[in-house]
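Undergrad: generate a structure from the sequence data that follows.
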Amino acid sequence: MLVAVVLFFVGLVLNILITFWIVLVKFNEIKRDKTYIQEIRAEMAEFMAALEENVSGYVSLMERMQKDASNVLENVNRKLRLIEKENQKLEQSRQTYNDLVKKKPLVSSVVEIQKNGTVERSHEGSYSTHTKDHASQNRKSLNDLSLQLRSNMRDSGDESSQVKNSLQEDEVKLKPSSKVRPSVQIAAMWRDGMDAKEIAEKLNLSMGEVELALELMGSRRS
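TA: Take a look at the predicted model:
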């Protein structure tokens, strides 16, 4: 009977010890698993932080690249606009050169006449009658000279021939040329009181050519 009681208590103690050991082992496993989970969470947090930083860096890089691309595109457009403006200036210069080439004969004749002192214009825009009066005086002097030379023709036959030749040369000089340059006609019509529009219609010229000729003659005098 005593042996049975001892065995019962021994078995009970062993059962308690085994149960305690099992509970202790399970507690350690739970504690270890909890620590492992915490480590995993910490690593995940670090990974997410690093990922977020990398994503922010990539976003900033993409924004900077987009901004640089916009600046490059703007510079290209500005260069294209500048090139277009230069092309327009070159086209205008070429057109101006072509116009000057077309008007070169007219300008040359005007300049030549002005150098010879044939045409003069006042600052008010009207030509003086000095040239016309001078031509009339020349014709009158020529007529007087012709009468005087004819009266002296009886004195010498040779002198008569020379006088006739001289008279013919003077008359030829005073006669207007059959091929009158446009600038001469413009000057004559202007002196006669015609305006630029009437001169252009009369000579079949453009208003620009007539105004250019009149302006050159006026600027040469000034």
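
Undergrad: gap between G193 and K102?
TA: Note on G193: its distance to K102, by Cβ to Cβ, to the nearest Å, is 29 Å. (Glycine included, C-beta is placed from N, CA and C.)

Undergrad: could you list the domains of the chain?
TA: Domain assignment for the chain, taken from automatic domain parsing, gives 1-104, 117-221.

Undergrad: comparing the ones you listed, which yields the minimum mean pLDDT?
TA: Among these, domain 117-221 has the lowest mean pLDDT, at a mean of 59.

Undergrad: measure the closest residue to S206 other than its chain neighbours to M194 for me?
TA: Distances taken as Cβ to Cβ, 6 or more residues apart in numbering place A200 nearest to S206, at 6.3 Å, with adjacent residues excluded. Separation of A200 from M194 (Cβ to Cβ): 10 Å.

Undergrad: neighbour count for these two, which is higher?
TA: Under the criterion of other Cβ atoms under 10 Å, the comparison of A200 against M194 puts A200 first, with 19 against 15.

Undergrad: next up, the contacts around that one.
TA: A200 makes contacts with 206-207, 209-210, as judged by Cβ atoms under 8 Å, 6 or more residues apart in numbering.

Undergrad: K202 too?
TA: Taking Cβ under 8 Å, 6+ apart, we find K202 in contact with 189, 194.

Undergrad: so it, which state does it fall into?
TA: State at K202, reduced to three classes by DSSP: H, G, I helix; E, B strand; the rest coil: helix.
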